[in-house]
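**Q** Please work out how this folds:
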Amino acid sequence: MKLKNLILMIFGISVMASNAAEFRYVGGDISLFPEYQEAGSKYKDENGNNIDLLPYLYDLGMNAMRVRLFVDPQAFEAAHPNDYDPNACQSLPYIIPLCQEITEQGFDLMLDFHYSDTWADPAAQWIPDAWKYLSDEQLMEKIYAYTKETLITLQENGISPKFIQPGNEISYGLLWGSYGNDIPGNHVYINSSDASWQRFGDLLKAAITACREVCPDAEIIIHTERVAQVNVLTNFYDKMKNLDIDYDVIGLSYYPYFHGNMSVLNNALTTLESRYPEKSIMIVETGFPYAWEVPGTTEKVDYQYTLEGQNQFAKELVETLLSHENVDGLFWWWLEYNAFGSQLNNWYNAPLFDSRTGKATPALKTIASYGTGHTSVEMLNSDYSDTNENSWYDLNGRKFNYPSSTGIYIHNGKKIVIR
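**A** Numbering: from 1, shown residues only. This next block holds a predicted model:
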C-alpha cells in the first residue's frame, strides 16, 4: 500500500503485565480539566510559552490519563448542598467529552469508578442515593448493571478504557451505607468476619464481571492506599486471592505528607513484589507541593515545599519505582490544577503547574521521564491517499474504506491516530 506524505513514528509495543519492566505508563488524573478549560486557565511550559495541555503532555512522553467517575453527583448536591464538593462533579455525561479528548490525543485511559455520588476513599464509601434502599443481593445486581451500562455507553462514544478501577481506595470495602448512615458490618478490616469479606468480594466480582464482558482487553486495577501499614496491605491482597478476585494490577496511592518518606513506599513495594510476583503494580495517585504544605498534612518529610523540593521528590520517586521490576505505572493526582488566568481559587498546591505563574513545574518533566513512550500507536498525518487496500475500523467496530475524520482507528491490527 503506497501512502503519500506518510509520517510514521512507532513509539513502543504494549506488553503483558508479566513483562511490566519493558513498558511503563505515566500520566496523571486530569478529571477536572474541563473546568479549567472553561474558566480560561492559562497553561505554559517551563519557559512561559502558552501551550495546549494534552498535546504538550503527549510530547513530553506521557502516555496515559486517569479520570474519575461518580454515579450521580448532582443528586448528592441536591440532597446535601452543604457537603457537596464541586470538584466531585464527574458524572458520565461530564466525562464522555473529556475521555474522547484524551483518547483522540493518543493517550490510554484509566477509568476510576468511585461507586458513590461523592468522594470514595478509606474514610467514605457511601452508597449512591438511588441505591440506598437496595439489599446486598440487589446491590450486587446493581453494581454489575451500572458498570456494564457505563462501559457500553463509553464504547458507543468511541471510548475503550485500557485500565479500569472498580472502586477508589477500597482498603476498607465498598458501599458501606447511605450518606451518614454507617454500617460497620459492611466495612472490612484485618479481623472482619468472613461474611463481611464475602460481601465485599461479591460486590467486586459483580463489577469486574461487567468489566470483563464489555472490555475484555482492559486491565483491572484493585486500588488501596495503606502503604504505611504493610500488614493491612498484605492482608487485603491475601483476601483478594482467597476470594478469587479476578484482577491484573495492584494500584496504590502514595502521598509522602500522609504516608511518610520514600523508604515507606520502597518497603511496601518490596513486600508486594515478593508476595504477589504475578501482579504488576502502579502508583495510581501521588503528589507533593511546590509551595506551602497541603492542608491536613500528617507526616514530616525530607523535601522542602518549593519547586525544587517538589522536583527532588519526583526524582526520588522515579528512581525508586525504576528499581522495582513489577512496577509499571505512575500517575500524578490533580496534575492539571491551574487557576492562573482565571477566577478559580488557587488553594491547591501540589499539581504539576504553578498556579502563581501558569508554568509547568520542573517536576513535570521528571515525572514524564518515567514512561517509555507511547503504546503501539503509529502517528500519521491525514494527507495521504491510495486507500484501496485493507479496511479501517473505529473503536466501535465500524468499517471504513478510509477514515474521513480525525480519531483513533484500527488498521492492519494496529492502533493508529489520525490528526
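**Q** Show me where the stretch 301-419 of the chain has its strands.
**A** Secondary structure of the stretch 301-419 of the chain by DSSP state E, counting those that start in this stretch: the strands cover 327-332, 377-380, 392-394, 399-400, 407-411, 414-418.
**Q** Would you mind checking the average pLDDT for the last one?
**A** I take that to be strand 414-418. Averaged across strand 414-418, pLDDT comes to 60.
**Q** low pLDDT regions in the stretch 301-419 of the chain?
**A** Low-confidence segments of the stretch 301-419 of the chain (pLDDT under 70): 375-409, 411-419.
**Q** where along the protein do the helices fall?
**A** Listed in chain order, the helices of the chain (DSSP state H) span 33-39, 53-60, 73-79, 92-104, 136-156, 194-214, 230-242, 256-259, 262-275, 307-322, 362-368.
**Q** Nearest to Asn346, out of these?
**A** Asn346 sits nearest to helix 33-39 of all the helices of the chain, at 11.3 Å, using Cβ to Cβ. The way it works is simple: take the backbone N, C-alpha and C, and place the C-beta from them, glycine included.
**Q** Alpha carbons only: can I get that closest one in PDB?
**A** What follows is helix 33-39, C-alpha atoms only, in PDB (Å, rounded to 0.1, in the frame of the first residue of the first chain):
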ATOM      1  CA  PHE A  33      -9.500  19.600  33.200                       C
ATOM      2  CA  PRO A  34     -12.800  20.800  31.500                       C
ATOM      3  CA  GLU A  35     -13.400  23.200  34.400                       C
ATOM      4  CA  TYR A  36     -10.000  24.800  33.800                       C
ATOM      5  CA  GLN A  37     -10.600  25.000  30.100                       C
ATOM      6  CA  GLU A  38     -14.000  26.700  30.700                       C
ATOM      7  CA  ALA A  39     -12.600  29.100  33.200                       C
END
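**Q** Enumerate the positions of that helix that are buried.
**A** Within helix 33-39, the residues that count as buried by 16 or more other Cβ atoms under 10 Å are 33-36.
**Q** Would you point out the helix or strand in this protein whose mean pLDDT is lowest?
**A** Lowest on mean pLDDT, DSSP states H and E among the helices and strands of the chain sits strand 377-380, with a mean of 42.
**Q** list the contacts for Leu53?
**A** By Cβ atoms under 8 Å, 6 or more residues apart in numbering, the residues touching Leu53 are 30, 33, 43, 336.
**Q** Save those residues as CSV, and put in distance to Met62 too.
**A** As requested, the contacts of Leu53 are exported to CSV (distance: Cβ to Cβ, whole Å):
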residue, distance to Met62
Ile30, 10
Phe33, 13
Tyr43, 14
Glu336, 12
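**Q** Most neighbours out of these, which is it?
**A** Ile30 (27 neighbours; other Cβ atoms under 10 Å).
**Q** ok, back up a step: now the helices of the chain in CSV, please, with extra columns for distance to Gly180.
**A** Below are the helices of the chain laid out as CSV (distance: least, Cβ to Cβ, whole Å):
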stretch, distance to Gly180
helix 33-39, 27
helix 53-60, 37
helix 73-79, 10
helix 92-104, 25
helix 136-156, 18
helix 194-214, 20
helix 230-242, 25
helix 256-259, 24
helix 262-275, 32
helix 307-322, 36
helix 362-368, 37
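**Q** which of these is buried the deepest?
**A** Of these, the one with the most neighbours on average (mean count of other Cβ atoms under 10 Å) is helix 362-368, at a mean of 22.
**Q** For the stretch 1-150 of the chain, give me the ranges with low pLDDT.
**A** Along the stretch 1-150 of the chain, the parts satisfying pLDDT under 70 run over 1-21.
**Q** quick one on the thing from earlier: nearest to Ser116, of the contacts of Leu53?
**A** The closest of the contacts of Leu53, once distances to Ser116 are taken by Cβ to Cβ, is Ile30, at 20.2 Å.
**Q** just checking, that closest one touches Tyr337?
**A** No: in this structure, Ile30 is not within contact of Tyr337 by Cβ atoms under 8 Å, at 9.3 Å.
**Q** can you tell me how far Leu151 sits from Asn349?
**A** Taking Cβ to Cβ, to the nearest Å as the measure, Leu151 falls 35 Å from Asn349.
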